[in-house]
Every structure is written in C-alpha cells, then in structure tokens.
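> got a predicted model here, sequence first, then my questions.
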Amino acid sequence: MKVTNTIFINFKFTTIIMVFRKLKAEAEIAIRHLKVLKAVMEKQPIGIFKLSDILGMPKHRVRYSLRVLEQSGIIVPTQYGAMVRDEGYDKIEEMKKDIDDLKNMIKDIEDILKQL
C-alpha cells in the first residue's frame with residue numbers, strides 16, 4: 001500500500017510540475033501578444049514586416065500574435081496594416097481587470113508553496 005501511495009503522490013507532483021511549465025509557456029506567449037498589441041497601438045496602422053523589425057521578433061510569431069488578437073476582436077487588419085478596433089479598447093480594459101485575479105491566484109500558489 002505504501003508503494004502505491006508513493007507512486008500516486010509522485011504522479012501528482014509530476015502533473016503539478018507539468019502544469020507550472022504549461023502556465024509559464026502560456027504566460028510567455030501572452031507577453032508576446034501584448035508586446036505586439038502595444039506596438040500596434042503606438043504605430044497603427046502597421047504591418048507584419050514593420051512589427052517584426054520594431055519588436056525583433058520573427059515574422060511567423062508576429063503573424064500568429066496578430067491572428068490571435070484579431071480572433072479576440074481586439075485588432076482588425078486593413079490594407080495599410082493592423083489597427084486596434086474601437087471595441088478592442090474595451091477588451092483591453094477587461095484584461096487589466098483580469099490581471100488582478102491572476103496576481104491573486106499566483107500569490108495563493110506562492111503562499112501554499114512556502115508552506116510545503
């Protein structure tokens with residue numbers, strides 16, 4: 001019985017570590033999307049090549065971030081380049097509110113880990 005419990009506990013911790021790694025990877029992608037969004041807001045209308053040069057990111061990553069931002073209803077492609085939609089500013093404000101929830105969750109995780 002003890003061996004089974006040890007295996008189960010090790011499996012749970014391995015799963016938690018995988019979740020942390022996935023969370024970190026997703027946060028890195030979100031940061032990239034936000035950097036692209038910030039550049040679009042500052043330089044709109046702006047195309048992929050200019051964004052890639054400004055941000056020092058490969059074009060395929062900029063293209064992916066633009067697609068995600070477009071599908072989220074934050075930006076719109078135009079013949080001159082990407083621009084923030086009027087409704088996009090409301091979505092940005094929603095994200096600003098959501099970040100407080102995320103900070104609280106990270107703080108809870110940190111507190112629990114300190115107790116382990």
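It's in. Numbering: from 1, shown residues only.
> now do the host helix or strand of Ile109: distance to the chain's middle.
Under the criterion DSSP states H and E, the helix or strand holding Ile109 is helix 86-115. Centroid separation between helix 86-115 and its chain, computed with C-alpha atoms, centre = their mean, to the nearest Å, is 11 Å.
> let me know the pLDDT of Val3.
What the model reports for Val3 is a pLDDT of 48.
> quick one: the host helix or strand of Ala82 to chain centroid distance?
Secondary-structure element containing Ala82, defined by DSSP H and E: strand 81-84. The gap between where strand 81-84 is centred and where its chain is centred comes out at 19 Å by C-alpha atoms, centre = their mean.
> for that strand, name the packing helices and strands.
Of the remaining helices and strands, those touching strand 81-84 by 3 or more C-beta pairs under 8 Å, 6 or more residues apart in numbering; DSSP states H and E are helix 2-43, helix 59-71, strand 75-78. Yep, even glycine has a C-beta here, placed from its N, CA and C like the rest.
> neighbouring contacts of it?
Contacting residues not belonging to strand 81-84 are listed as 37, 40-41, 44-47, 50-51, 66, 69-70, 74-76 [C-beta atoms under 8 Å, 6 or more residues apart in numbering].
> got it, and stretch 37-46?
Contacting residues not belonging to stretch 37-46 are listed as 50-51, 54-55, 65-66, 69, 74-75, 78, 80-84, 92 [C-beta under 8 Å, 6+ apart].
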